[in-house]
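Asks: Sequence and predicted structure are below.
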Amino acid sequence: MDIIKERYEISIERIREIQTEGAVKAPFADFFEKSGKLMEKIDGLYQMVQSGEYRTLSLEELEKINESLFCEIYRENYQESYANPAYAVQQLGEEYGKLLCYLHVGNRKLIRSAVKQETEKMALQMELFIEIYNYFEELDTTDEKDIFETVYSYEKDNTEIFVDDQVDAMINPERDYYTRIVLDSDLEDLRYLYYYGEHVGSNEVQMAQFLNGLSQEKIDRIASTYTEGFRVGFVKAGKPLEKKGSVQIRYNVGFERIVRKAVENFAAMGLKPIISVNCVSSTPPNPQYGFDHKNDMGLYFDKAYVKRSLEVRRQAFEIRKELAGLMAGPAVIEIFGETPFEPESKKEAIALSEEQQKLKVQYMNDAAQLTQQFIKEEERSFTIIAFPIPEFGEDFEAMFEETIKINTLDANLYEQVQQQLIDTLDRAEYVRVVGSGENKTYMNVQLQKLNNPEKESNFENCVADVNIPVGEVFTSPKLTGTNGKLHVSQVYLNGLKFNELEIDFEDGKIKNYTCGNFEEEADNQKYIRENILFNHETLPIGEFAIGTNTTAYVIANKYDAVYKLPILIVEKMGPHFAVGDTCYSWEEDIKVYNPDGKEIIARDNEISVLRKTDVSKAYFGCHTDITIPYDELGEITAVTKDGEEITIIKDGRFVLAGTELLNEPFQEK
């Protein structure tokens, strides 16, 4: 540790010298001056944390420090920031602008490391900055390839440090920096928000203030809904929770009162909390910043890097296989209410080549299979719940109360009504889904064949356990014969807004796609390929479902929030199709039963069944739900083998006998 500390001190001293020596010519001198000053500022944070001074500062002082570190990427400042690839290329040229933008973003990541006192990571990044600076001192005689090779070597040679750290943080409850913030802080003293090293904005501050104003009884009720969902997931799946020892908790800064109670509840189940750097987030000051840099790996991503990264990942899991085996899965608190983000497509941003896109798909698949070997899907579970944040608007507090109502609806009542749907759907050979008005949806969804209808079902009766709130029946459809067009006027997927999204399916797989986000069709195609297909050539339909939570839909419309809600709730508000893996991926051989005792046999499709011969062809590592809201829905009709048509929903209302209860919320509007 003394050697690492010495390297750090030498590096920061050299960076201070860089500011005054004037050895780099324009236009690059300005970059190294500003990026160097950022690192000096981060060093100041590092020194304050190390000395203990940081935790003695007032709330106002912490707020000023946080703002000074993040203001560069605020929307109003981003246009003239070297973190913006468009500005970097404009100022520094096509040749080096992208690379130096990547370098500057790497420097920005040290903010979190400074707070956590990750000296080695900071020293490595500083040394990279200095090495590249040295090249620019002699730019006239420097080979451009040498500069890019330096970046490549940095990323590849340090995978043993970076990837090993990622794996350890994922499964080791002793890595408790964030857990201690939750458990040890005085949550009435909002200074704790600044101890994460994340951007702290009005959402985080106001959320913490709001939760501090709730009674302990209400906090307990919210946390219990969340943690019970996790426990019940194990019970219903017949998985032994008592063999597990840890749970990964994911949440947004500001939710600590709920998380603290959740930690207590999980402890009663014998589970220690794991809260790692990838588990804690805050609302971004500028979503465009993250969008611009999602493909920065394009600078160094190749087969040799992938090979080394996977080797290190395997080694990291091997030496921690006992810890990995204790991991029970993730318990996630999602947020919603942000202003829907419609990104700008920038030609200056680093993009993956076609070869890199294919390589990334393979890498993600191999990494998922590797993780599955040590954290077995058939032995773990999960739960997800969502709440609004203050950015929702003036109705935030009312919507928070309504969300509690949505999350605690009577599961037994829904179970009974949904059984009526399943009994009818199990008679069908296929289901027809048709849009209304300007919605162009027309899908025929082929269902799996039931060999013994008395004991088998295609659809799962989904109530509130792992997937909160209550309200859907779903299946893995047969791909062959599933054809048509899916169209949604607006939808919010993976943090991004899609306008006029259209996807055509042939035999259950994506054939064509487009949207209306950009003027250039090439940009629309790229947007969908990267953010729905995740660079796969195509994806199958992994799930067809009918959402039954009309209460959630009515509440969403009451507050004009349909397009602000997370897919977790939206998927319960109409029929939806998921592209990617099935809901049973990696668990297809585990028998699952509905409350009526029937086995759900539609756990595989023609793609996932390939796991029996070549697992690399069976999974895609993604599952994206796309919902048609009730007001864009013309009909859902079950069609039997004999040609009988049984309409389930007509003009956005349930018309099947026994489901009339689901229309009652519409009358309360």
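Replies: Yep, it's here.
Asks: going forward, measure contacts between C-alpha atoms and count neighbours the same way
Replies: Will do.
Asks: biggest strand in this structure, by residue count?
Replies: strand 478-493 (DSSP state E).
Asks: neighbouring contacts of that strand?
Replies: 340, 435, 439-448, 497-509, 540-541, 563-567, 605-606, 624-628, 632 (CA atoms under 8 Å, 6 or more residues apart in numbering).
Asks: ChimeraX command to pick out the buried ones of the residues you listed?
Replies: Command for ChimeraX that selects the buried part of these, burial taken from 16 or more other CA atoms under 10 Å:
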select :340,435,439,440,441,442,443,444,445,446,447,448,497,498,499,500,501,502,503,504,505,506,507,508,509,540,541,563,564,565,566,567,605,624,625,626,627,628,632
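Asks: Out of the contacts of strand 478-493, list just those in strands.
Replies: 435, 442-446, 497-506, 509, 541, 624-627.
Asks: could you point out where the stretch 451-600 of the chain is predicted with low confidence?
Replies: Counting by pLDDT under 70, the stretch 451-600 of the chain shows low-confidence ranges at 464-466.
Asks: my bad, should have said the stretch 1-150 of the chain
Replies: If you take pLDDT under 70 as the line, the stretch 1-150 of the chain has these spans: 1.
Asks: For it, which segments are assigned as helices?
Replies: 2-21, 28-51, 59-70, 75-78, 85-92, 94-108, 110-116, 119-137, 144-157 (DSSP state H, counting those that start in this stretch).
Asks: Distance to S246 added to the ones you listed, as a markdown table?
Replies: Listed next are the helices of the stretch 1-150 of the chain as a markdown table, based on distance: least, CA to CA, whole Å:
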| stretch | distance to S246 |
| --- | --- |
| helix 2-21 | 32 |
| helix 28-51 | 29 |
| helix 59-70 | 32 |
| helix 75-78 | 39 |
| helix 85-92 | 40 |
| helix 94-108 | 31 |
| helix 110-116 | 22 |
| helix 119-137 | 27 |
| helix 144-157 | 31 |
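Asks: who wins for proximity to M170 among those?
Replies: helix 110-116 (16.3 Å; CA to CA).
Asks: And the contacts of that closest one?
Replies: 42-43, 45-46, 49, 69, 119, 121-122, 177, 195-198.
Asks: I649: neighbour count?
Replies: Neighbourhood size, I649 [other CA atoms under 10 Å]: 22.
Asks: hang on, it in a helix?
Replies: No. Per DSSP: H, G, I helix; E, B strand; the rest coil, I649 lies outside any helix segment and is strand.
Asks: List the beta-bridge partners for it.
Replies: Using DSSP bridges, the bridge partners assigned to I649 are I636, F654.
Asks: Contacts only, for it.
Replies: With CA under 8 Å, 6+ apart, I649 has these contacts: 634-637, 655-656.
Asks: Let me have those in JSON lines, adding pLDDT and distance to V115 as columns.
Replies: As requested, these are arranged in JSON lines below (pLDDT from 0 to 100; distance: CA to CA, whole Å):
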{"residue": "G634", "pLDDT": "95", "distance to V115": "54"}
{"residue": "E635", "pLDDT": "95", "distance to V115": "55"}
{"residue": "I636", "pLDDT": "96", "distance to V115": "54"}
{"residue": "T637", "pLDDT": "97", "distance to V115": "57"}
{"residue": "V655", "pLDDT": "95", "distance to V115": "57"}
{"residue": "L656", "pLDDT": "95", "distance to V115": "58"}
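Asks: Next, format these as a markdown table and append neighbour count and distance to I375.
Replies: Formatted as a markdown table, those follow (neighbours: other CA atoms under 10 Å; distance: CA to CA, whole Å):
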| residue | neighbour count | distance to I375 |
| --- | --- | --- |
| G634 | 20 | 43 |
| E635 | 22 | 42 |
| I636 | 25 | 39 |
| T637 | 22 | 40 |
| V655 | 18 | 44 |
| L656 | 16 | 42 |
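Asks: just curious, which of these is nearest to I385?
Replies: I636 (27.8 Å).
Asks: Surely the closest one touches D651?
Replies: No. Using CA atoms under 8 Å as the test, I636 is too far from D651 to be in contact (9.1 Å).
Asks: And L187, how close does it get to S224?
Replies: 19 Å (CA to CA, to the nearest Å).
Asks: nope, Q416 is what I meant
Replies: Distance from Q416 to S224, by CA to CA: 24 Å.
Asks: Ok, I546 next?
Replies: 27 Å.
Asks: and the two? which has more neighbours close in?
Replies: A direct count of neighbours by other CA under 10 Å for I546 and S224 places I546 higher, at 25 against 17.
Asks: The stretch 151-300 of the chain: helices as residue ranges?
Replies: Counting by DSSP H, counting those that start in this stretch, the helices of the stretch 151-300 of the chain are 159-171, 177-184, 202-212, 216-237, 256-268, 287-292.
Asks: Let me have those in a markdown table, adding mean pLDDT and distance to L486 as columns.
Replies: Formatted as a markdown table, the helices of the stretch 151-300 of the chain follow (pLDDT from 0 to 100; distance: least, CA to CA, whole Å):
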| stretch | mean pLDDT | distance to L486 |
| --- | --- | --- |
| helix 159-171 | 95 | 37 |
| helix 177-184 | 98 | 42 |
| helix 202-212 | 98 | 35 |
| helix 216-237 | 93 | 31 |
| helix 256-268 | 98 | 38 |
| helix 287-292 | 96 | 26 |
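Asks: Nearest to Y363, out of those helices?
Replies: helix 159-171 (13.8 Å).
Asks: Now do the closest one and helix 144-157, the angle between them.
Replies: 40 degrees (axes from the mean of the first three to the mean of the last three CA atoms, to 10 degrees).
Asks: circling back to that earlier point, and the longest strand of the chain, C-alpha only, in CSV?
Replies: Output of strand 478-493 as CSV, limited to C-alpha atoms (Å, rounded to 0.1, in the frame of the first residue of the first chain):
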residue,chain,number,x,y,z
LYS,A,478,-44.4,-20.7,-29.7
LEU,A,479,-42.3,-18.8,-32.2
THR,A,480,-43.3,-20.6,-35.4
GLY,A,481,-46.5,-19.0,-36.6
THR,A,482,-46.2,-15.9,-34.4
ASN,A,483,-46.4,-13.1,-36.9
GLY,A,484,-47.4,-9.5,-37.3
LYS,A,485,-46.6,-5.9,-36.3
LEU,A,486,-46.2,-4.4,-32.9
HIS,A,487,-46.8,-0.7,-32.7
VAL,A,488,-46.8,1.7,-29.8
SER,A,489,-47.1,5.5,-30.1
GLN,A,490,-44.8,6.2,-27.1
VAL,A,491,-43.0,4.0,-24.8
TYR,A,492,-40.2,4.4,-22.2
LEU,A,493,-37.7,1.5,-22.4
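Asks: heads up, I number from 49, so please use that
Replies: With 49 as the first residue, the last one maps to strand 526-541.
Asks: And for stretch 83-95, what's in contact with it?
Replies: 60, 63-64, 66-67, 102, 117, 152, 155-156, 158-159, 162-163, 165.
Asks: Quick check on those residues: which are buried?
Replies: 60, 63, 66-67, 102, 117, 152, 155-156, 158-159, 162-163, 165.
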